[in-house]
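Novice: Can you look at this prediction? I've put the sequence above it.
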Amino acid sequence: MTTPFHRVLIANRGEIAVRVQRACRELGLETVQVYSEADRDSMAVRMADRSVCIGPPRASDSYLRADMVISAALSQGAGAIHPGYGFLSENAAFARQCGEAGVTFIGPSHEVISMMGDKAMARRMAEEAGVPTTPGSKGTLASAALAQAAADAIGYPVILKAAAGGGGRGMRVVKHAQELPLHFEQASREAKAAFGDGSMYVEKYLTRIRHVEIQVLSDGETVLHLGERDCSVQRRNQKLMEESPSPALDETVRAEIGEAAVRLCRHVGYTSAGTIECILDPASGQFYFMEMNTRVQVEHPVTELVTGVDIVKEQIRIAQGNKLSLRQADIQMRGHAIECRINAEDPQANFAPCPGLIEELHFPGGPGVRVDSHIYSGYRVPPNYDSLLAKIITWGVDRHEATARMRRALQELRVGGVQTTAAFHERLLQTEQFRRGDIHTRFVEDDMMEPR
C-alpha cells in the first residue's frame with residue numbers, strides 16, 4: 001500500500017540531484033539532500049530545504065551507505081527516497097530496506113529490480129514476453145569450459161557479459177576460441193569486484209550495431225512507451241551523446257520496438273519509469289533486447305523535449321500512488337532532440353578526468369536550448385565521482401535544426417579552469433557520418449580517435 005509523502009530525500013549528487021529537486025519543488029514537495037564531505041558546497045545542498053552529511057568523500061563510505069541514507073530519511077521526516085541514477089538506484093536490497101523502514105522507494109519494487117538486474121534472468125523474461133534476444137547462452141555460466149561450449153555452438157565472435165553488470169564492466173569481446181578462457185577469468189573477476197557477482201553469460205557479438213533504447217512509464221495498470229533514444233555515440237561502452245528519435249528506425253520498426261517494450265513491462269509487472277535497452281542491426285533491421293535499466297537515465301531529457309512529458313515528475317507521482325493521466329495515443333514525438341554530455345575530461349589525453357576549480361562559467365541559451373547542470377563559477381569539481389559537469393540538450397523541428405542549435409550552444413559554452421569534452425562534441429557533429437546519421441557503437445574508437 002502506498003503511503004503519502006510530502007518530503008523527499010534525494011540519495012544522489014550532481015546534476016541529477018538538482019533535477020530531482022526541481023521536480024519536487026514543482027510538485028509542492030520538500031526536499032532533503034544527503035551529501036558527502038566533498039559535496040558540502042554543492043548546488044544541490046544549497047538548493048535543498050534540508051541537508052544531511054552522510055560520510056566522507058569516498059562513495060562507499062557515503063552515497064553507497066544504505067543504512068546512513070535511510071537513517072537520514074527517518075531523522076528528517078522524509079517519507080520517500082529518490083535514488084537518481086547510479087549509486088543505490090538499482091540496488092534491490094536498498095529498495096527492500098526502504099520499504100521495511102516505512103519509506104517509499106521512488107522506483108520499481110525490489111523484486112523487479114532484482115529480476116531485471118540479473119542480465120541472464122532479464123534475457124529469459126524478454127524471451128517469455130516474445131521480445132527478440134541475440135543468440136546466446138541459456139542462463140549463466142559457472143566456468144570458462146561451459147562458456148567455451150556455448151561460444152562454440154553460437155559461433156565467433158562472441159561477447160562475454162556479467163549477469164549483474166552494467167556500464168561496460170565485466171564485458172569482453174572474444175574473436176577466437178583460444179582467447180576465451182583468459183577473457184572469461186578477467187571479466188568474471190572484474191564483475192565480482194564491481195558488483196559482488198562474477199556470474200557470466202555469452203551472446204553472439206554483432207558488429208556496427210546501434211544502441212537504441214525505449215523509455216517506459218508504468219503505474220502498474222497503464223504501461224506507456226515514450227519513443228526511442230539513439231545512444232550509439234559511445235566510448236568503451238559509455239554513452240557520450242544521445243538523440244531522439246533515432247535516425248536509423250523506420251515507422252514499422254519504431255512501432256515494433258515500442259510494443260515489445262510495453263509487453264516486457266507488463267510481463268514482469270513493472271511500475272515506475274524505466275528503460276528497455278536494445279541493439280539494432282542496421283544490416284537486417286532487426287532489434288534485440290539487451291537489458292533493462294530500472295531507474296531514470298542520464299539521457300531522459302531528450303525524450304522529455306520531444307514528447308513534452310516530465311519523466312521525473314511522473315516517476316514521483318507514480319510513487320505517490322497516482323495513476324497516469326496519459327494514454328499511448330497521447331504520446332506524440334515532435335521534432336528532434338540531441339544531448340551532449342559535457343564531462344571534465346581531456347579527450348586529447350585518452351579522456352583522462354580533469355577535476356579542479358571552475359574559474360569561469362557561461363552556459364548557452366536561446367531558442368531550443370536546455371542545460372541540466374550542478375556547477376557554478378567557483379565550484380571545485382571533486383576527483384571522487386563521475387566527471388559529468390552538464391548536459392546540453394537542444395530541440396529543433398528536425399534533426400538538422402537540432403544539430404545546428406547544438407553547434408551554436410557548444411560554441412557559446414565557456415568553462416574555465418578545467419578541461420571539458422565540448423570541443424570533442426563539436427568535432428563529432430561535423431563528421432560526415434554523424435550528419436548522415438550513420439553512427440555505430442564503435443564509431444568513436446574506430447573512426448575518431450587518433451591511433452596510439
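Specialist: Right, received. Where do you want to start? Residues are numbered from 1 along each chain as shown.
Novice: tell me the contacts of the closest residue to residue 73 other than its chain neighbours?
Specialist: Leaving aside its chain neighbours, residue 73 sits nearest to residue 9 (4.3 Å; criterion: Cβ to Cβ, 6 or more residues apart in numbering). For glycine as for every other residue, the C-beta is placed from the backbone atoms N, C-alpha and C. Contact analysis of residue 9 by Cβ atoms under 8 Å, 6 or more residues apart in numbering lists 31-34, 69, 72-73, 76, 78, 80-82, 103.
Novice: From those residues, pick the one nearest residue 172.
Specialist: Closest approach between the contacts of residue 9 and residue 172, by Cβ to Cβ: residue 69, at 33.3 Å.
Novice: ok, the closest one - how many residues close by?
Specialist: 29 (other Cβ atoms under 10 Å).
Novice: Equivalent analysis for residue 323, please.
Specialist: By other Cβ under 10 Å, 11 other residues sit near residue 323.
Novice: Please enumerate residues in contact with the helix ranked longest in the chain?
Specialist: Secondary structure assigned by DSSP state H gives helix 251-268 as the longest helix of the chain. Here helix 251-268 makes contact (Cβ under 8 Å, 6+ apart) with 112, 115-116, 125-126, 128-132, 212, 214, 216, 218, 223-225, 227-228, 245-246, 249, 270, 274, 276, 278, 280, 285, 287, 289, 292.
Novice: Now the buried members of those residues.
Specialist: Among the contacts of helix 251-268, those scoring as buried are 112, 115-116, 125-126, 129, 131, 212, 214, 216, 218, 223-225, 227-228, 245-246, 249, 270, 274, 276, 278, 280, 287, 289, 292 (criterion: 16 or more other Cβ atoms under 10 Å).
Novice: Put together TSV for the contacts of residue 9, with distance to residue 191 on each row.
Specialist: Below are the contacts of residue 9 laid out as TSV (distance: Cβ to Cβ, whole Å):
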residue	distance to residue 191
31	35
32	34
33	32
34	28
69	25
72	30
73	30
76	36
78	33
80	31
81	27
82	27
103	30
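Novice: taking those residues one by one, which sit in strands?
Specialist: Judged by DSSP state E, the subset of these located in strands is 31-34, 80-82.
Novice: of those, closest to residue 96?
Specialist: Set against residue 96, the nearest of the ones in strands among the contacts of residue 9 by Cβ to Cβ is residue 81 (12.5 Å).
Novice: shouldn't residue 139 be in contact with residue 122?
Specialist: No - when contacts are counted by Cβ atoms under 8 Å, residue 139 is not listed as touching residue 122 (11.6 Å).
Novice: ok, how many other residues are close to residue 193?
Specialist: Residues contacting residue 193 under the criterion other Cβ under 10 Å number 11.
Novice: Give the rounded mean pLDDT of whichever strand or helix holds it.
Specialist: Element membership for residue 193, per DSSP states H and E: helix 180-195. Mean per-residue pLDDT for helix 180-195: 93.
Novice: Next, the angle helix 180-195 makes with the next helix or strand along the chain from that helix.
Specialist: Once helix 180-195 ends, the next helix or strand along the chain (criterion: DSSP H and E) is strand 200-204. Going by axes from the mean of the first three to the mean of the last three Cα atoms, to 10 degrees, strand 200-204 is angled at 120 degrees with respect to helix 180-195.
Novice: Report the inter-axis angle for the next helix or strand after strand 200-204 versus helix 251-268.
Specialist: Next along the chain after strand 200-204, taking DSSP H and E as the criterion, comes strand 210-218. Calculated by the same axes, to 10 degrees, strand 210-218 forms an angle of 50 degrees with helix 251-268.
Novice: Provide the strand pairings for the helix or strand following strand 210-218, with the direction of each partner.
Specialist: Toward the C-terminus, strand 210-218 is succeeded by strand 223-235 as the next helix or strand (DSSP H and E). Looking at strand 223-235 with DSSP bridges, its partner strands are strand 210-218 (antiparallel), strand 238-244 (antiparallel).
Novice: buried stuff in the last one?
Specialist: The reference is to strand 238-244. Buried-residue list, strand 238-244, by 16+ other Cβ under 10 Å: 239-244.
Novice: do stretch 145-155 as well
Specialist: Neighbour-count burial for stretch 145-155 [16+ other Cβ under 10 Å]: 146-148, 150-151, 154.
Novice: repeat for stretch 44-56
Specialist: 44-45, 47-48, 50-55.
Novice: Kindly report the same for stretch 317-327.
Specialist: Buried residues in stretch 317-327, counted by 16+ other Cβ under 10 Å: 317-320, 324, 326.
Novice: show me where the stretch 51-200 of the chain has helices.
Specialist: Applying DSSP state H, counting those that start in this stretch to the stretch 51-200 of the chain gives helices spanning 66-75, 92-100, 110-117, 119-128, 144-154, 180-195.
Novice: So which of those helices is the most surrounded?
Specialist: Of those, the one with the most neighbours on average (mean count of other Cβ atoms under 10 Å) is helix 110-117, at a mean of 21.
Novice: quick one, that helix and helix 180-195 angle?
Specialist: Per the same axes, to 10 degrees, the angle that helix 110-117 makes with helix 180-195 is 150 degrees.
Novice: Show me what helix 110-117 is packed up against.
Specialist: Contacts defined by 3 or more Cβ pairs under 8 Å, 6 or more residues apart in numbering; DSSP states H and E place helix 110-117 against helix 92-100, helix 119-128, helix 251-268.
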